[in-house]
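Make a model of this:
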Amino acid sequence: QVQLVESGGGLVQAGGSLRLTCAASGSTFSNYALGWFRQIPGKEREFVAAISWGGGMKYYSDSVKGRFTISRDNGKNTVYLQMNSLKPEDTAVYYCAAYVTRGIPSMFAHTYDYWGQGTRITVSS
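Just a heads-up that it's a prediction; the model follows:
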């Protein structure tokens, strides 16, 4: 089992940048694929990015490709989401998620077994 804690959210102007951090504890971090999802009230949780256990495979939603970068540091049990060129439509609560796999990381929320509490990002226009 793994516990996930996100940080780094906040208020930023359009065009600005933020970096989200997700710190993991409780299990062997390198066994897990990690994903970032986001959700706004009344809508389903949306895939943002995912990274494989070793960091060699990364996937992004079309809406963030070229602006967001996911990375991980297995030595620090941490995954990051660098968000550049932020837009008002990026406003949401962002969640870190994990599940055990050595394969291709999933883009589907139901695949993930462990979730953080979320961190809110507001992008003003």
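
May I have the beta-bridge partners of the residue positioned nearest the centre of the chain?
Nearest to the geometric centre of the chain sits Trp36, at 2.2 Å (Cα atoms, centre = their mean). Under DSSP bridges, the beta-bridge partners of Trp36 are Ala49, Cys96.

same check, this time on Tyr32
With DSSP bridges as the rule, Tyr32 is bridged to Val100.

Was I right to think it contacts Gly26?
No. Using Cβ atoms under 8 Å, Tyr32 is not in contact with Gly26; the gap is 10.7 Å. C-beta here means a position set from N, CA and C on the backbone, and glycine is covered the same way.

So Gly35 is in contact with Ala98, correct?
Yes. Contact status for Gly35 versus Ala98: in contact at 7.5 Å, counting by Cβ under 8 Å.

where do the strands sit along the chain?
Under the criterion DSSP state E, strands of the chain are mapped to 3-7, 10-13, 18-25, 32-39, 46-51, 58-60, 68-73, 78-83, 92-100, 114-115, 119-124.
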